[in-house]
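J.: give me the fold of what follows.
(2 chains)
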Amino acid sequence: MSDVYAELTWRELIHQSTDDAGLPGWLAERPRTVYAGFDPTADSLHVGHLMAVNILRRFQRAGHRAIALLGGATGMIGDPSGRSQERNLLGEDELRANIAGMERQIRRLLEVDDSPRSALVLDNFDWMGRFGYLEFLRDVGKHFPVNVMLTKDSVKSRLERTDSGLSYTEFSYMLLQAYDFVYLNERHGCELQVGGSDQWGNITAGIDLARRLRGAQLYGMTCPLLTKSDGAKMGKTESGAVWLAPERTSPYQFYQYWINLDDADVGRCLRFFTDLDQAELEGVVAQHEQDPGQRGAQRRLAVELTRLVHGAEGLAAAQRATDVFFGAELGDLTDAQLTEIFADVPSSRLGRDRLAGEGLAVVDALCEAGLAKSKGEARRTITQGGAYVNNRRVESPDARLTPDDLAGRAALVLRTGKKRYAVLCFA
RNA sequence: GGGGGGUUUCCCGAGCGGUCAAAGGGGUCAGACUGUAAAUCUGAUGGCAACGCCUUCGCAGGUUCGAAUCCUGCACCCCCCA
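T.: Here you go, the predicted model:
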């Protein structure tokens, strides 16, 4: 059993715990069972979830037992923590699909097998779903003083807002999560809950409940929220969250997200997410500071994470695509290569006859491909030197495309700016 | 119910009856620099068959040679007094 507390500390993954002094020894004593919860709000995890999963991984590798709890029940209610507005309730079918998707990913990231130290993936609907309302009020609700509940940040901040209320349903969320902890303790010997710092209130609610209900001493630990140096949430792009599911965020896009990370954030992310040990990590960071132009830290981060999430093959595909996107002029590629590499890029089909004769005006092509909203904009972009065909700059706004411009048998690649691509297929 | 203020382009915001496709800022998009970063600088920023034409200043009418600008009605928002 390795010292997971020390590791979490140097990785700066501990934001707050219920017992800073006692936890290291407590964890060293014997294998413990630790859990983190995930509400099934979508059918895939996103980068924001990676923190908690990653912490479970570290516990597991250090010899402890990890439980990933999917909130089939709590997900029906909606956690007000970190939320400024009341949530929309999800339907049961949607929840089930979401749980299935998230469970598949968690199973890949944690070690789940038949061994006794296997991680567990549980769904709290399995026990919460059977609870009767009266029974719950008597057995659980009785132990929650409302005045204490009202002091929790998640509740307080919502009540202070005049533009959004808080329903009784969401108000009750913390009772459910608190009960989960007690249940997992009873059934699976779980004694430690981890989560993002916004989960503190819910975690301590569980600890309080366990003490009152069973006289048990449980522990809690939170990790910092994943934010960027500019305060924005990490894992968000203009087009939305960065997902782990390749159908939602392709390996290439995933890889690029990390490659593009600000210098200011890359060190933290390496510490948070990768398995590099302290010495190696410091080496990578030092080298990066010496020669930031190499983007060594970003590259390493992107490689490690893409491999973790998408496997060696996903990583290879992402790197192939990157080489082409940021490489020189596109030569002869087969359509199969084009299709694979440009899978992430919007593509349009046009009739082959459009290339015949005079050819197709580049201006029109940019519009068709969605790279320009109007011909005026397309013309402007070209004039300013920002349009490319097969990675070669278009010189004149009157330029036209003919069959000679095809990069493959039937397709060519348009680009505006540094990295907005589109493929045109001429069938 | 009474009184006052407001509604402008992606957002904020200026706008004398003509010279207004509409200042300025933000954003966005290109370019330069660089490192696929940040910062900075430059340019662009309603549409189109483009020295011209068309559409746009809450909505509908009206006055006028001419309306974002004046008048009438309507809608929505804000403030003050009840």
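
J.: okay, CA-based contacts and neighbour counts for the rest of this
T.: Will do.

J.: angles on the backbone of the residue lying farthest from the centre of chain A, please.
T.: Note on chain A: the largest C-alpha distance from the chain mean falls to A:Gly357, namely 48.8 Å (CA atoms, centre = their mean). Here is the backbone geometry of A:Gly357 (degrees, to the nearest 10): phi 60, psi -120.

J.: per-residue confidence for it?
T.: Note for A:Gly357: predicted pLDDT of 84.

J.: what's the nearest residue to it if we skip its chain neighbours?
T.: In space, and not counting its chain neighbours, A:Gly357 is closest to A:Thr402: 7.9 Å by CA to CA, 6 or more residues apart in numbering.

J.: cool, and A:Ser17?
T.: Nearest residue to A:Ser17 in three dimensions, chain neighbours excluded: A:Met221, at 4.1 Å (CA to CA, 6+ apart).

J.: for that neighbour, the count of nearby residues, please.
T.: Neighbour count for A:Met221, taken as other CA atoms under 10 Å: 23.

J.: other SSEs contacting the helix or strand where it lies?
T.: Per DSSP states H and E, A:Met221 falls inside strand A:219-223. The contact analysis (3 or more CA pairs under 8 Å, 6 or more residues apart in numbering; DSSP states H and E) places strand A:219-223 against strand A:16-17, strand A:190-196, helix A:200-214.

J.: who are the packing partners of the first one?
T.: Contact partners of strand A:16-17 among helices and strands, from 3+ CA pairs under 8 Å, 6+ apart: strand A:219-223.

J.: parallel or antiparallel, which strands does the strand it packs on pair with?
T.: Its sheet considered, strand A:219-223 pairs with strand A:16-17 (antiparallel), strand A:190-196 (parallel) by DSSP bridges.

J.: who touches it?
T.: A:13-19, A:51-52, A:191-197, A:199-200, A:203-204, A:207 (CA atoms under 8 Å, 6 or more residues apart in numbering).

J.: now do the contacts for the residue in the stretch 251-400 of chain A positioned nearest to RNA strand B.
T.: Residue of the stretch 251-400 of chain A nearest RNA strand B, by CA to the nearest atom of the strand: A:Gly386 (3.0 Å). Counting by CA under 8 Å, 6+ apart, A:Gly386 touches A:393-394, A:416-417.

J.: dump the residues you listed into a markdown table; add secondary structure, pLDDT and neighbour count as well.
T.: Formatted as a markdown table, those follow (DSSP: H, G, I helix; E, B strand; the rest coil; pLDDT from 0 to 100; neighbours: other CA atoms under 10 Å):
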| residue | secondary structure | pLDDT | neighbour count |
| --- | --- | --- | --- |
| A:Arg393 | strand | 90 | 16 |
| A:Val394 | coil | 91 | 23 |
| A:Thr416 | strand | 92 | 22 |
| A:Gly417 | coil | 90 | 13 |
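
J.: okay, among those residues, which ones form the most distant pair?
T.: Taking CA to CA as the measure, the contacts of A:Gly386 span a maximum distance of 11.7 Å, between A:Val394 and A:Gly417.

J.: what do those two both touch?
T.: A:386-387.

J.: following the helix or strand containing A:Glu377, which helix or strand comes up?
T.: Assigned by DSSP H and E, A:Glu377 belongs to helix A:375-383. Counting by DSSP H and E, the next helix or strand C-terminal to helix A:375-383 is strand A:387-389.

J.: give me the helices and strands touching that next one, please.
T.: Using 3+ CA pairs under 8 Å, 6+ apart: strand A:387-389 touches strand A:411-416.

J.: residues near A:Leu360, how many?
T.: Neighbours around A:Leu360, by other CA under 10 Å: 17.

J.: try A:Val112
T.: A:Val112, neighbours per other CA under 10 Å, totals 17.

J.: pull the contacting residues for it.
T.: Contacts of A:Val112 (CA under 8 Å, 6+ apart): A:118-120.

J.: can you do 6 Å?
T.: By CA atoms under 6 Å, 6 or more residues apart in numbering, A:Val112 lies in contact with A:118-119.

J.: quick check on it: phi, psi?
T.: The phi/psi pair for A:Val112 (degrees, to the nearest 10) is phi -120, psi 120.

J.: let me see the ranges of the strands in the stretch 151-300 of chain A.
T.: A:190-196, A:219-223, A:236-237, A:240-241 (DSSP state E, counting those that start in this stretch).

J.: ok, the residue of the stretch 1-150 of chain A at minimum distance from RNA strand B to A:Thr306 distance?
T.: Nearest residue of the stretch 1-150 of chain A to RNA strand B: A:Val47, at 18.5 Å (CA to the nearest atom of the strand). Relative to A:Thr306, A:Val47 is positioned 12 Å away (CA to CA, to the nearest Å).

J.: could you check which of these two is surrounded by more residues?
T.: The residue with more neighbours, out of A:Val47 and A:Thr306 and counting by other CA under 10 Å, is A:Thr306; that gives 26 against 16.

J.: would whichever strand or helix holds the more buried one count as contacting RNA strand B?
T.: Assessed by DSSP H and E, A:Thr306 sits inside helix A:296-325. Yes: for helix A:296-325, a contact with RNA strand B is found by CA under 7 Å from any atom of the strand, at A:322-323.

J.: just give me how far that helix sits from the chain centre.
T.: Put simply, helix A:296-325 sits 16 Å off its chain's centre (CA atoms, centre = their mean, to the nearest Å).

J.: which positions within it qualify as buried?
T.: A:296-310, A:314-319, A:321-322, A:325 (16 or more other CA atoms under 10 Å).

J.: hmm, the following helix or strand past it touching RNA strand B?
T.: Moving toward the C-terminus from helix A:296-325, the next helix or strand (DSSP H and E) is helix A:335-341. No: Helix A:335-341 lies out of reach of RNA strand B by CA under 7 Å from any atom of the strand, never closer than 13.3 Å.
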